[in-house]
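S.K.: Test case, fold it:
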Amino acid sequence: MDTSLSDLHIKELTTAVELLENPSIAAKITNVIGMPIEKAIDFLPDNWQVNIAKITQKSLTKATEAAIWSLDDVQVEQPSNVWHKFGAALSGGVGGFFGLAGLAVELPVSTTIMLRSIADIARSQGESISDYDTKLACMEVFALGGESSTDDDAESGYFIVRAALANSITEASRFVATKKITEESAPALVKFIVNVATRFNVIVTEKAAAQAIPAIGAIGGGIINTLFIDHFQDVAKGHFIVRKLERIYGKEVIESWYNSVLELSETNKD
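M.R.: From the prediction side, this is the model:
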């Protein structure tokens, strides 16, 4: 197999590296709320840390059935990012208005909108949304765009996270054809969602903490949700560019090139 990439594909891969290796939105949220996000999180009641984790997992489960399972398998040249951002901003306004009390209602809606946007981006990169592997790859974006509380720099890279999820994706793919992720016959898919939710929960906690600030209001909540979906749209674009190139050149070739581009990028920063 040819291991040399075309100039266009090198440029695309460079874009993907930039999008995937700089995933944090904490600084952007900090600019909106006017305080470090860590300080905002400290104001969350202790029991809400547990509640947010439950809401996150439930939101992913509902969004998966409502979004990618019902989306038509039609190829698109350009994803409808603007419309999805508008929808996310509206739902974020609800979260900002009601604070933590509105999260259980708002997050499933926001997550569904984001998952539809992710699927749209996947289709724009040549993916078939009827392919169960693509459906799982769409859900995977929420893990790639988040972090785990136990992550360090050596464990949070794009391919490291994909490798960590690989086994649960393989197991989930055996059950995903049932299209009923809440059935007892699909425990592997439920396990996959739990794994994704663990990483997604970190960003959801940051978002919830910001929207819980009394002064943030509906407008601030809408802005935070726009940042929220914009973040995952960027991660999805990078992810599906990499998958497209993997289909052309093979996974090992692209991972090698990816690491070379990343190393060059980090060298240029020094």
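S.K.: Tell me which helix or strand in the protein has the weakest average pLDDT.
M.R.: Ranked by mean pLDDT, DSSP states H and E, the weakest helix or strand in the chain is helix 81-98, scoring a mean of 55.
S.K.: quick one, what contacts the most centrally placed residue in the chain?
M.R.: Most central in the chain under Cα atoms, centre = their mean is residue 142, positioned 2.6 Å from the mean C-alpha point. Residue 142 makes contacts with 60, 111, 114, 196-197, 199-200, 232, as judged by Cβ atoms under 8 Å, 6 or more residues apart in numbering. Yep, even glycine has a C-beta here, placed from its N, CA and C like the rest.
S.K.: Sticking with it, tell me its helix or strand.
M.R.: helix 132-144 (DSSP states H and E).
S.K.: what comes up buried for that helix?
M.R.: For helix 132-144, the neighbour count (16 or more other Cβ atoms under 10 Å) marks 132, 134-144 as buried.
S.K.: now that helix, how far from the chain's geometric center?
M.R.: 8 Å (Cα atoms, centre = their mean, to the nearest Å).
S.K.: what do you get for stretch 7-21?
M.R.: How far stretch 7-21 lies from its chain's middle: 18 Å, per Cα atoms, centre = their mean.
S.K.: what about residue 228, how many residues close to it?
M.R.: Using other Cβ atoms under 10 Å, residue 228 has 30 other residues around it.
S.K.: For it, which non-adjacent residue is spatially closest?
M.R.: With sequence-adjacent residues excluded and distances taken as Cβ to Cβ, 6 or more residues apart in numbering, residue 228 is closest to residue 207, at 5.6 Å.
S.K.: Is the one you found in contact with residue 29, as I believe?
M.R.: Yes. Taking contacts as Cβ atoms under 8 Å, residue 207 lies within contact range of residue 29: 7.2 Å.
S.K.: shared neighbours of those two, anything?
M.R.: Residues touching both residue 207 and residue 29 (Cβ under 8 Å, 6+ apart): residue 224.
S.K.: What helices and strands are in contact with the longest helix seen in the chain?
M.R.: Assignment by DSSP state H gives helix 217-249 as the longest helix of the chain. Applying 3 or more Cβ pairs under 8 Å, 6 or more residues apart in numbering; DSSP states H and E, we find helix 217-249 packed against helix 7-20, helix 26-33, helix 81-98, helix 103-124, helix 132-144, helix 158-173, helix 187-212, helix 251-269.
S.K.: where does the protein dip in pLDDT?
M.R.: 1-2, 23, 66-101, 147-156, 176-186, 215, 217-219, 269-270 (pLDDT under 70).
S.K.: got a list of what the nearest residue to residue 158 once chain neighbours are set aside touches?
M.R.: Spatially, and ignoring its direct neighbours in sequence, residue 158 is nearest to residue 20 (4.5 Å; Cβ to Cβ, 6+ apart). Contact partners of residue 20, counting by Cβ under 8 Å, 6+ apart, are 144, 158, 235, 238-239, 242.
S.K.: What's the ChimeraX line that selects buried ones from these?
M.R.: Here is the ChimeraX command that selects the buried residues among these (16+ other Cβ under 10 Å):
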select :144,158,235,238,239,242
